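# the amino acid sequence is not available; the structure is as follows:
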């Protein structure tokens, strides 16, 4: 089982989130110990997420599950714009396109843990 954790913590308005505890819970308590105690589980975690970095990690890691934690809105999750100084909103169509470009036809689970992510 391969789990990709996206730490979407870039913002120009809101206060930065403390995501270390959430990442620990996902990696150790929720997935490895509780849900899949005997399974081989590989984790990859990325912060300062741009579309380009996400595309690279999807293509290389080929996750079964993606856990997004960070800032968001009803219009999408907040990534870092390629310029590095602005927010880039990624909506469901954008995520589907990135998954398709990476050759991922189906995910087992996608968790969106962000404000107003719907």
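Everything's here; your move. Since the model is a prediction, treat every value here as computed from it, not as a measurement. Numbers count the residues shown, from 1 in each chain.
# and for residue 68, nearest residue in space, chain neighbours not counted?
residue 6 (4.6 Å; CB to CB, 6 or more residues apart in numbering). The C-beta positions use only the backbone N, C-alpha and C, and glycine is treated the same way.
# secondary structure class for the one you found?
Using DSSP: H, G, I helix; E, B strand; the rest coil, the secondary structure recorded for residue 6 is strand.
# how near is the closest residue to residue 4 other than its chain neighbours to residue 115?
Distances taken as CB to CB, 6+ apart put residue 63 closest to residue 4, at 3.8 Å, once the chain neighbours are dropped. In this view, residue 63 and residue 115 are 23 Å apart by CB to CB, to the nearest Å.
# looking at those two, which is more packed in?
Counting neighbours by other CB atoms under 10 Å for residue 63 and for residue 115 shows that residue 63 has the greater number, 25 against 13.
# can you list the low-confidence ranges for this structure?
9-37, 116-118 (pLDDT under 70).
# where exactly do the helices run in it?
In the chain, the helices defined using DSSP state H lie at 20-24, 51-61, 92-101.
# closest to residue 38 out of those helices?
For these, the distance to residue 38 is smallest for helix 20-24, at 20.5 Å, taking CB to CB.
# for the residue of the chain most remote from its centre, list the residues it contacts.
What lies farthest from the middle of the chain is residue 38; by CA atoms, centre = their mean that is 24.1 Å. Contact analysis of residue 38 by CB atoms under 8 Å, 6 or more residues apart in numbering lists nothing.
# look up how far residue 56 lies from it.
Taken as CB to CB, the span from residue 38 to residue 56 is 31 Å.
# next: residue 44.
11 Å.
# please apply the same query to residue 114.
From residue 114 to residue 56 the distance is 22 Å (CB to CB).
# which one's more surrounded, these two?
Between residue 114 and residue 56, counting by other CB under 10 Å, residue 114 is the more crowded of the two (19 against 13).
# wait, that one sits on residue 75?
No: applying CB atoms under 8 Å, one finds residue 114 not in contact with residue 75, separated by 11.4 Å.
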